[in-house]
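K.L.:
Below are the sequence and a predicted model; questions follow.
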Amino acid sequence: MKYHPNEIETKWQKYWAQHQTFAATNNAEKPKYYVLDMFPYPSGAGLHVGHPLGYIASDIYARFKRHQGFNVLHPMGYDSFGLPAEQYAIQTGQHPEKTTRENIARYREQLDKIGFSFDWSREVRTSNPDYYQHTQWIFIQLFESYYCYDTQKALPISELVAAFEKNGNAQINAACDDDVPVFTAQEWNAFSAEEQQKILLQYRLTYLAETEVNWCPALGTVLANDEIVNGVSERGGHPVIRKKMTQWSMRISAYAERLLQGLDEIDWTESLKEAQRNWIGKSVGASVRFQLQDNNQFIEVFTTRPDTIFGVTFMTLAPEHELVAQITTPEQKAVVEAYIEATAKRSERERMADVKTISGVFTGAYAVHPFTQERIPVWIGDYVLAGYGTGAVMAVPAGDERDYAFANFFKGSLGMPEIKNIFNQDISQAAYADKVGFELINSDFLNGLDYKAATKKIIEALEQIGAGKAKINYRLRDAVFSRQRYWGEPFPVYYVNGLPQMIAAEHLPIVLPEVEKYLPTEDGQPPLGNSAQWAWSTVENKVVANDLIDHQTVFPLELNTMPGWAGSSWYWMRYMDAHNAGEFASAEALNYWQNVDLYIGGSEHATGHLLYARFWNKFLKDRGFAPTEEPFKKLINQGMILGMSAFVYRSEDSKKLYSKGLIAGQNVHPIHVDLSVINDITNELDIEAFKNHPLYSDYKDAEFMLEDGKYIVGREVEKMSKSKYNVVNPDDICTEYGADTLRLYEMFLGPLEQAKPWNTAGITGVFGFLKKLWRLYFDDNGLVVTDEEPTAEMYKSLHKTIKKVTEDIDNFSFNTSVSQFMICVNELSQQKCHHHAILEPLAVLVSPYAPHIAEELWSQLGHEGSVSQVAFPKYEEKYLVESEKEYPVSFNGKMRFTLKLPLDLTPAQIEAIVMADERTQQQLQGRTPNKVIIVPGKIINLVG
């Protein structure tokens, strides 16, 4: 009876689907365990072998926890809103919903083939109205909330209104815009309803504001910082400029400290935590106000080095700072405007990363030093960001390398004074940036002080004259929450006199309308502006035609849609109660599952999805809608499986193609070759297939320069990508070798967290292992398993493996488990083991890694049902305790033979047995040894 993986896998995948084998139940008596993968965006390309790596790891762990008696929730769904489907719709006119549905069907087919134990009954799709109605509901809750710093939590906006009505806002300690006016209760109560709404917008956790955004003209939308790579859009590589737009934003900055502190409570890698700490960017320092000369306005700066205030040589504003247009002199207007236009073409991330380029322009304006009253020239420079701090810096070249480089670069220019040294240190070659090892000079009442003493004293002095105060600052900025595209969640918002109003929850979802085209309108409005049915009737409480807008009962709806991260910021909770129409999840389901025990996904989401998800979870906890502070207890970032790219080498004139071994000394250019036209094991190019491939028609008549009659391609490890033609389809591996082979091989490649290259040639060894495992149970005539008592060595092989595999799964060291399986099967094969007492637990042991073959073996051993629910084998120490030792017996240090003896013998007993052995007598030839050295359990040596 031979091993036929395709038949076995089809059989058991059908069984699992029919019996809902992996469906979790809420409120089971078993302890719960929630294993989650970061759900995929269903792209048209489908999965390549790199994608399932994390899914296989999580599936092994989920299956292991089931074997241990846990009620395991292991769901899967799709983050199905996204730009690619919309771009395809723009090009072809095909509705993104259709594209997305077809792509999901392809993904599901591929995922099913690999044998994952997902609970498909809980599948979610973020683009389905029955899902995004809850995303809209959460948005409304954010709008109806504010963040109170006294209680360190979000509270209903109604409580803030009540406080305003009673006491005004002078004593309110809440997250809000910087320019909120102070008012009394009497003034608040006298404000019109519209005035009150405008003030409340400055406190709400989601709010409308004019902000600097990353605008991509080619895509017609705003992009988040993490959607931009090297100054261009990650999707399509289009230019991105900075632009001011009225946008919805999320006041995530209110949660900065809690997001920081929460990192200490979760089991994430230190590198991932550090990425979030850096992104949140907590700084302790002072806020300082500099009066503008001949102007009643101030420039406010945040500095971590207020002790250096007497070294301020110039000030730098972000080019987008609102004061720039007001203070620039007529003489400097042209150069300032040209500089602002050039800066708008660079993303914030690009500007932050570029530490080498020095650029800036003098505005012609001056500020006044708060203590010396000296004039300080005001510049603009793109190294200052409008969204970080106040968008302005006090430049101290003596103590800051970037300011030092800027001052020296513009030395002698209009508006650039000489550098002031304020340290008893030499700064002729570089700034003195340390906080220790100096005393201040040329610093008035701070002279002679060190960093700590000077900081305390200057903050006291700034507070006394009303020019500043101590402050904690965060780099984390509020998140822009609007996108100018069609394929996203519609906002549950309509506008009355330009002010946003929320649609009542009972009328959700607000469903995406049909549009004729998916591009922005001719007057630049987002694509929803193309719909003739996109207005809200407050009488009928439904979406109606635009031509009914009368500003009394029918009002315009929001034209923007939510960003890609909206649906992924709460999806793990929907899996807990996926079919609940009334709420995103019931309190019972939330309280049972709590949060995710194990989350696996890519590290590229460190400062995007993972930060937004933590923010929304904390908010929902504050408002009583979620039971835990953090969404993901333990998080593992899987590494990347890299592709093994292939290359041919063309001559300058493209008339010749050189084999890899012939390129030395030739002027050649490498060209990526599709893996379908090479032998992946020998690296030989199929020349005819290459010539006939549509990608390489230009080389039909090229001369192929061969080595020993063959064309050998070059190979190089690169990221697996369609553009590099190095993608390996998991379907092909499953067809040829089976899904169990694919699962084992991906784990065998190396540690889960590390990047590793794919090599199809190596997969045959894993396939051979499974066939060898099969032969322990079957020969050509069928099942050969017996009920004979196994030998001690068989028990030892089994329990050694149980111990190792259990430890490895607990430590996520899946690659070493596969090695141990191979060792075990080799040992059992040598021992001619066909014993039921060994092979039954072995089938269970293999089950998390190779579930299909394990199910078949379990069934063939006479069991009903699925092996997935059977208790995991337990390691027993007694089987590894050695009762005998094979001693090397040496004469004068040279080993002559071995002798197997019980380990509980005394040295005297061992000596008696050795001396009586015929081989000893032959070696001694009648002599008596001078000395017999015996170390129990180790050596026997006869001397003399």
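P.N.:
Cool, got the structure.
K.L.:
what's the neighbour count on Phe778?
P.N.:
17 (other C-beta atoms under 10 Å). Glycine gets a C-beta too; all of them are placed from N, C-alpha and C.
K.L.:
so what pLDDT did the closest residue to it other than its chain neighbours get?
P.N.:
Setting aside the residues directly before and after it, Phe778 is nearest to Met1 in space (C-beta to C-beta, 6 or more residues apart in numbering), at 4.3 Å. Here the pLDDT value assigned to Met1 is 88.
K.L.:
how about the most centrally placed residue in the chain, phi and psi?
P.N.:
With distances taken as C-alpha atoms, centre = their mean, His605 lies nearest the centre of the chain, 2.5 Å away. Dihedral pair for His605: phi -100, psi 10, per degrees, to the nearest 10.
K.L.:
and what of Gly665?
P.N.:
In terms of degrees, to the nearest 10, the main-chain angles of Gly665 are phi 80, psi 0.
K.L.:
Arg650 versus that one, what's the distance?
P.N.:
Counting by C-beta to C-beta, to the nearest Å, the gap from Gly665 to Arg650 is 15 Å.
K.L.:
quick revisit: my guess is the residue nearest to Phe778 contacts Val784. True?
P.N.:
No: if you go by C-beta atoms under 8 Å, Met1 and Val784 don't touch, sitting 9.3 Å apart.
K.L.:
tell me, what's touching those two both at once?
P.N.:
By C-beta atoms under 8 Å, 6 or more residues apart in numbering, Met1 and Val784 have these common neighbours: Phe778.
K.L.:
shaky segments in the stretch 1-150 of the chain?
P.N.:
Along the stretch 1-150 of the chain, no part satisfies pLDDT under 70.
K.L.:
Let me see the ranges of the strands in it.
P.N.:
All strands of the stretch 1-150 of the chain, identified by DSSP state E, counting those that start in this stretch, fall at 32-37, 71-73, 145-148.
K.L.:
closest one to Gln197 among these?
P.N.:
Comparing the strands of the stretch 1-150 of the chain against Gln197 with C-beta to C-beta, the closest turns out to be strand 145-148 (13.6 Å).
K.L.:
Show the subsequent helix or strand relative to that closest one.
P.N.:
Sequence order places strand 153-156 as the next helix or strand after strand 145-148, per DSSP states H and E.
K.L.:
Tell me the strands beside that following strand, with direction?
P.N.:
Paired strands of strand 153-156, with direction, are strand 145-148 (antiparallel) (DSSP bridges).
K.L.:
Can you tell me what sits against the strand it pairs with?
P.N.:
153-157, 160, 173-176, 203-205, 251, 254-255, 619, 622-623.
K.L.:
what about 10 Å?
P.N.:
The contact list for strand 145-148 (C-beta atoms under 10 Å, 6 or more residues apart in numbering) reads 153-161, 163, 172-176, 200, 202-207, 251, 253-255, 258, 619, 622-623.
K.L.:
Of these, which count as buried by neighbour count?
P.N.:
Listed as buried from the contacts of strand 145-148 are 153-155, 157, 160-161, 163, 172, 174-176, 200, 202-207, 251, 253-255, 258, 619, 622-623; burial here means 16 or more other C-beta atoms under 10 Å.
K.L.:
In the stretch 701-850 of the chain, what residue spans correspond to helices?
P.N.:
Remark: helices assigned in the stretch 701-850 of the chain by DSSP state H, counting those that start in this stretch are 730-737, 739-748, 763-777, 792-810, 814-830, 836-846.
K.L.:
I'd like the average pLDDT over the first one.
P.N.:
Looking back up the chat, that one is helix 730-737. For helix 730-737, mean pLDDT rounds to 95.
K.L.:
Output the contacting helices and strands for that helix.
P.N.:
If you count contacts as 3 or more C-beta pairs under 10 Å, 6 or more residues apart in numbering; DSSP states H and E, helix 730-737 packs onto helix 5-19, helix 96-113, helix 739-748, helix 763-777.
K.L.:
Alpha carbons of stretch 890-904, as CSV, please.
P.N.:
The C-alpha coordinates for stretch 890-904 follow below in CSV (Å, rounded to 0.1, in the frame of the first residue of the first chain):
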residue,chain,number,x,y,z
SER,A,890,40.9,-0.4,27.7
PHE,A,891,44.3,-1.9,28.4
ASN,A,892,47.0,0.7,29.1
GLY,A,893,44.7,3.4,27.6
LYS,A,894,43.9,1.5,24.4
MET,A,895,40.3,0.3,23.9
ARG,A,896,40.2,-3.4,23.0
PHE,A,897,36.5,-4.3,23.4
THR,A,898,33.2,-3.1,24.8
LEU,A,899,31.1,-4.7,27.5
LYS,A,900,27.4,-3.9,28.2
LEU,A,901,26.7,-3.9,32.0
PRO,A,902,23.9,-2.7,34.3
LEU,A,903,24.5,0.8,35.6
ASP,A,904,23.6,-0.2,39.2
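K.L.:
Show me what secondary structure element comes after the strand or helix carrying Arg351.
P.N.:
Taking DSSP H and E as the criterion, Arg351 maps to helix 348-353. Heading C-terminal from helix 348-353, the first helix or strand you meet, by DSSP H and E, is strand 361-368.
K.L.:
Could you list every helix and strand in contact with that next one?
P.N.:
strand 282-292, strand 298-303, strand 314-317, helix 324-327, helix 333-343, strand 375-380.
K.L.:
Out of the strands of the stretch 1-150 of the chain, flag the one nearest Thr313.
P.N.:
strand 145-148 (38.1 Å).
K.L.:
ok so, going back, what is the mean pLDDT for the helix holding Arg351?
P.N.:
What helix 348-353 shows for mean pLDDT is 76.
K.L.:
Give the other helices and strands that that helix contacts.
P.N.:
By 3+ C-beta pairs under 10 Å, 6+ apart, helix 348-353 packs against strand 206-216, strand 228-229.
K.L.:
May I see the buried residues of that helix?
P.N.:
Neighbour-count burial for helix 348-353 flags 348-351 (criterion: 16+ other C-beta under 10 Å).
K.L.:
And stretch 22-34, by the same measure?
P.N.:
With burial defined by 16+ other C-beta under 10 Å, the residues of stretch 22-34 counted as buried are 22, 24, 26, 32-34.
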